[in-house]
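Undergrad: Please work out how this folds:
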Amino acid sequence: MAMKKEKQEKLPKEVTSAAWAIAMAAIAPMLDTTMVNIGINKLGLDFHTSLEIIQWVITGYMLALAVAVPVSGWLMDKFNGKKVLLYAELGFILSSVLAGISWNIESLIAFRLLQGVSAGIIIPLMTTLLMKVAGPDKLGRLMAVIGTPIILGPLLGPVIGGFIIQLTSWRWIFFINIPFGLIALYLVSKRLDDFEPFNSDSKIDWVGIILLAIMSSSMIFGITRAAHFASFHNHQTYWYVGIGLVTTIAYAIYNVKRNNKTVMPLNLFKHRSFSAAIIGMFLAGLATNGPMLLLPLFFQNIRGFTLIEASLAMIPQGVGMLIARPIIGKLIDKLGAKLVVIVSLTVSLVGSIPFIFIDEKTNFVLIAIVLVIRGIGVGGITMPLMSDVYTGLQQEQIPQASIGSRIIQNVGSSFGSAALATVVATVVSGLKPTIPTILHGYQVGFLISVIVIGVMFIPALFLTNKRKATNN
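TA: Numbering: from 1, shown residues only. Take a look at the predicted model:
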């Protein structure tokens with residue numbers, strides 16, 4: 001019995017090798033996002049332009065990524081998945097080179113759009129091809145592999161970006177993608193088998209793709225406008241979020257008329273674990289992604305850290321996430337997502353509640369310990385949610401589920417970051433910008449993230465429970 005269990009838990013070498021190749025392809029897009037965020041002020045100085053225009057270097061990338069995600073589903077249906085990944089990675093490398101040699105702000109924004117399109121194809125492909133490589137029984141452990149770029153991006157991106165800007169030129173933020181991309185091209189070409197198209201007879205659903213692209217991009221842009229104005233009460237947020245809601249309704253009507261024969265069929269929500277995972281992934285935007293923005297700002301504005309010091313101060317949280325990564329994968333396969341997420345949420349609360357009370361005098365060793373605990377908890381939330389998106393789905397539904405989960409992650413992440421930034425700005429608006437008033441704003445932001453972690457226990461109850469299924 002013990003030998004059988006050991007045999008079940010051991011992953012074939014070729015499966016692990018293929019998973020690492022897929023993960024490597026996503027590392028450059030994940031790193032790029034956080035590195036560019038660090039360089040915004042430097043870009044504004046070098047191009048002699050306003051923050052409003054420079055912000056489009058980030059916003060344009062996010063919107064292009066949102067538009068490309070629905071297209072990726074059709075590409076996976078129609079073509080060899082390995083070739084799609086290779087061409088998308090090559091596109092990301094070339095657009096990174098072009099961004100690095102940009103001669104004015106207009107050219108940089110244009111090349112960032114190209115980067116966003118490539119990233120919008122690579123990231124959904126990552127989870128879809130992993131599902132194809134793993135199968136349902138090994139998905140949890142391989143999600144631990146695929147979680148590597150998700151963890152390393154927020155962890156290493158700000159640190160690498162901070163050092164690059166301080167020691168060299170902002171252009172190297174883009175040039176550094178080249179070696180990562182070339183290694184990924186080599187690994188994918190050598191270690192990944194060809195993937196048959198999921199549905200070679202599939203016709204591109206232009207109407208569905210356009211509606212989903214408008215929905216996600218307008219939602220994201222409207223939400224980021226709230227952060228820009230430091231208030232949700234502004235015409236641009238109302239207008240663009242309104243467009244997003246209208247196109248969501250339009251897509252639902254279109255899906256009914258097409259009898260779920262669309263780029264992302266809404267009958268996916270009939271699967272309980274899919275619905276619960278999607279809701280959980282959206283809420284995770286506030287519970288985990290929002291604090292990722294607040295913590296570096298807290299270290300800079302309250303503790304007086306430099307940009308690099310603030311980035312380095314985040315490492316304990318990344319260490320916690322890396323500790324959780326391999327353990328979580330095995331537990332997902334053994335127990336299912338439900339128990340893993342519930343325990344991870346509990347640990348996240350233990351590592352998040354102290355930030356409601358931490359101030360400028362709190363010992364950093366204590367903060368580091370809390371960050372490690374928080375990292376362990378947060379590291380156990382995303383992977384099981386991502387794996388449960390695919391539970392019980394047919395083979396042809398996998399690309400469709402990838403599109404849905406990626407759209408929700410994009411909108412949820414944008415909403416989480418913008419919402420907490422807006423809350424902090426609203427709390428301190430009109431008050432004298434002293435450390436106690438700014439600190440109060442951050443503490444309210446952390447309080448909201450804690451409340452959302454509590455709310456996440458509700459969808460977690462509807463996730464997969466493999467222990468119960470085994471007992472039955």
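
Undergrad: counting contacts, what elements does whichever strand or helix holds Tyr238 pack onto?
TA: Using DSSP states H and E, Tyr238 sits in helix 235-257. For helix 235-257, the contact count by 3 or more C-beta pairs under 8 Å, 6 or more residues apart in numbering; DSSP states H and E identifies helix 206-229 as packing neighbours. (Each C-beta comes from the backbone N, C-alpha and C, glycine too.)

Undergrad: and the angle for the helix it packs on with helix 235-257?
TA: If you take axes from the mean of the first three to the mean of the last three C-alpha atoms, to 10 degrees, helix 206-229 sits at 160 degrees to helix 235-257.

Undergrad: Helix 206-229 - contacts with which helices or strands?
TA: Counting contacts by 3+ C-beta pairs under 8 Å, 6+ apart, helix 206-229 is packed against helix 56-78, helix 235-257, helix 398-428.

Undergrad: Just checking, which helix or strand of the chain averages the lowest pLDDT?
TA: Least confident helix or strand, the chain: helix 2-9 with a mean of 45, by mean pLDDT, DSSP states H and E.

Undergrad: Helix, strand or coil: sort out Thr49 for me.
TA: The assignment at Thr49 comes out as coil when based on DSSP: H, G, I helix; E, B strand; the rest coil.

Undergrad: shouldn't it be in contact with Asn104?
TA: No. Using C-beta atoms under 8 Å, Thr49 makes no contact with Asn104, being 9.0 Å away.

Undergrad: got a list of contacts for stretch 358-368?
TA: Ile302, Arg303, Ala313, Pro316, Pro354, Val370, Ile435, Leu439 (C-beta atoms under 8 Å, 6 or more residues apart in numbering).

Undergrad: Three-state assignment for the fifth one, please.
TA: This means Pro354. helix.

Undergrad: do Phe282 as well
TA: Per three-state DSSP, Phe282 ends up helix.

Undergrad: how far away is the nearest residue to it once chain neighbours are set aside from Ala184?
TA: Excluding the flanking residues, the one nearest Phe282 by C-beta to C-beta, 6 or more residues apart in numbering is Gly412, at 4.0 Å. According to C-beta to C-beta, to the nearest Å, Gly412 and Ala184 sit 26 Å apart.

Undergrad: what about the chain, any weak spots by pLDDT?
TA: Within the chain, the stretches with pLDDT under 70 are 1-11, 51-52, 134-155, 199-202, 230-232, 430-431, 467-472.

Undergrad: Please measure how far the first residue of stretch 196-209 sits from its last one.
TA: When the termini of stretch 196-209 are compared using C-alpha to C-alpha, to the nearest Å, they are 22 Å apart.

Undergrad: so how far is that stretch off the chain centroid?
TA: On the basis of C-alpha atoms, centre = their mean, to the nearest Å, stretch 196-209 sits 25 Å off its chain's mean C-alpha point.

Undergrad: Tell me the buried residues in that stretch?
TA: Pro197, Phe198, Ser202, Asp205, Gly208, Ile209 (16 or more other C-beta atoms under 10 Å).

Undergrad: quick one, what contacts the last one?
TA: So that's Ile209. Pro70, Val71, Trp74, Val263.

Undergrad: if I pick the most centrally placed residue in the chain, what's in contact with it?
TA: Here the mean C-alpha position of the chain is nearest to the C-alpha of Gln409 (C-alpha atoms, centre = their mean), at a distance of 5.8 Å. Gln409 is in contact with Met281, Gly285, counting by C-beta under 8 Å, 6+ apart.

Undergrad: I'd like to know how far Ala425 sits from Tyr442.
TA: From Ala425 to Tyr442 the distance is 11 Å (C-beta to C-beta).

Undergrad: Isn't Ile123 up against Ala26?
TA: Yes. Counting by C-beta under 8 Å, Ile123 does reach Ala26; the two are 6.0 Å apart.

Undergrad: Run through who's touching stretch 219-233.
TA: Defining contact as C-beta under 8 Å, 6+ apart, one finds that stretch 219-233 is touched by 52, 55, 59, 62-63, 66, 234, 236-244, 410-411, 414-415, 417-419, 421-422, 425-426, 429.

Undergrad: List only those of those residues flagged as buried.
TA: 55, 59, 62-63, 66, 237, 240-241, 243-244, 410-411, 414-415, 417-419, 421-422, 425-426.

Undergrad: Is it possible to get CSV of the helices and strands packed on helix 206-229 that adds distance to Leu94?
TA: Shown next, in CSV, are the helices and strands packed on helix 206-229 (distance: least, C-beta to C-beta, whole Å):
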stretch, distance to Leu94
helix 56-78, 15
helix 235-257, 31
helix 398-428, 23
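
Undergrad: Met383 is nearest to which of these?
TA: Shortest distance between Met383 and those, using C-beta to C-beta, is found for helix 398-428: 12.4 Å.

Undergrad: what angle separates that closest one from helix 56-78?
TA: 160 degrees.

Undergrad: Helix 398-428: what's the following helix or strand?
TA: Per DSSP H and E, the first helix or strand lying C-terminal to helix 398-428 is helix 435-455.

Undergrad: Distance check, Ala284 against Val372.
TA: For Ala284, the distance to Val372 - C-beta to C-beta - is 19 Å.

Undergrad: And those two? Which one has more around it.
TA: Comparing Ala284 with Val372 by other C-beta atoms under 10 Å, the one with more neighbours is Ala284, at 26 against 19.

Undergrad: out of everything not next to it in sequence, what's closest to that one?
TA: In this structure, Ala284 finds its nearest non-sequential neighbour in Ile381, 5.9 Å apart by C-beta to C-beta, 6+ apart.

Undergrad: picking that back up, between Thr49 and Asn104, point out the one with more neighbours.
TA: Taking neighbours as other C-beta under 10 Å, Thr49 and Asn104 compare with Thr49 leading, 15 against 11.

Undergrad: and the helix or strand containing Ile308, how far from the chain's centre?
TA: When elements are assigned from DSSP H and E, Ile308 belongs to helix 307-313. Computed by C-alpha atoms, centre = their mean, the chain-centroid distance of helix 307-313 equals 21 Å.
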